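Colleague: structure, please.
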Amino acid sequence: MSEINPAHILDLSDLNARLWAWIERIYHQTPHSGLGGMTPLARYQKDLLKIRTLGQRAANLDAIFLHRVTRFVRKDGTVSYLGNRFEVPYELSGQTVQLVVDPHREIVVGVENKNGDSLGAATPLDALSNLQRERRKTVPTDTVAPSLIRTGPNLIETALAKYYNDKEEF
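Modeller: So this is what the prediction gives:
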């Protein structure tokens, strides 16, 4: 910037033209000690064969740079981020999840598990709607502790058998 004469600059496009002329003619052609005496252009060309395109990943480029923030889901199905509360699927209550956050807009985009699988959306909390939110937590049957499942006779079955045995005696 110290070498630019402001009197010669007409507008932003003129300033950009001068910048690119400096990059191409001076910066790229001057050896740098940090590059072992190579010019930036020569150093770039040396690794040119190692550079690969993103291919199909280019479509997901924005998603790659989203941040993941660990949060605990409260009993009411909400989480907080930057002082704001968000509703997530109620089934996640009591679990630790990853909020997917757009760091530039500072908004929560979604919710993932620790493996990166999507668990649903995160929406700004509507406190009035949250009061009437249906709170049915689904519990898969395979998660019931085996010690809670009765397999032998219980009091009801014993009473039923005794009831019918007593009736047969009459």
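Colleague: which stretches of the protein have low pLDDT?
Modeller: Across the chain, residues meeting the criterion (pLDDT under 70) sit at 1, 129-156, 164, 166-170.
Colleague: for the spatially most central residue of it, helix, strand, or coil?
Modeller: What sits nearest the mean C-alpha location of the chain, by C-alpha atoms, centre = their mean, is Val100, with 2.6 Å. The three-state assignment at Val100 reads strand, by DSSP: H, G, I helix; E, B strand; the rest coil.
Colleague: thinking it is in contact with Ile107, fair?
Modeller: No. Checked against C-beta atoms under 8 Å, the pair Val100 and Ile107 is beyond contact range at 9.9 Å. Quick note: C-beta positions are derived from backbone N, CA and C, even for glycine.
Colleague: circling back: could you give the bridge partners of the residue nearest to the centre of the chain?
Modeller: For Val100, the residues forming beta bridges with it (DSSP bridges) are Arg68, Gly110.
Colleague: phi, psi for Thr158 please.
Modeller: The phi/psi pair for Thr158 (degrees, to the nearest 10) reads phi -60, psi -40.
Colleague: could you chop this structure up by domain?
Modeller: What the record gives for the chain is the domain set 6-50, 62-131, from automatic domain parsing.
Colleague: columns distance to Thr158 on top of those, output as CSV?
Modeller: Putting the domains of the chain into CSV (distance: least, C-beta to C-beta, whole Å) gives the following:
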stretch, distance to Thr158
domain 6-50, 77
domain 62-131, 37
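Colleague: of those domains, flag the one that's most buried.
Modeller: The highest mean neighbour count among the domains of the chain, using mean count of other C-beta atoms under 10 Å, belongs to domain 62-131: a mean of 15.
Colleague: all helices of the protein, in order?
Modeller: If you assign secondary structure with DSSP state H, the helices in the chain sit at 12-22, 40-46, 61-64, 127-131, 155-169.
Colleague: residue contacts, Leu19?
Modeller: When contacts are counted by C-beta atoms under 8 Å, 6 or more residues apart in numbering, Leu19 touches no other residue.
Colleague: mind checking how far the closest residue to Arg74 other than its chain neighbours is from Met38?
Modeller: Closest residue in space to Arg74, ignoring its immediate chain neighbours: Ser93 at 7.0 Å, by C-beta to C-beta, 6 or more residues apart in numbering. Using C-beta to C-beta, to the nearest Å, Ser93 is found at 58 Å from Met38.
Colleague: go on, Gln56?
Modeller: For Gln56, the distance to Met38 equals 34 Å [C-beta to C-beta].
Colleague: same question for Ile26.
Modeller: When distance is defined by C-beta to C-beta, Ile26 is 15 Å away from Met38.
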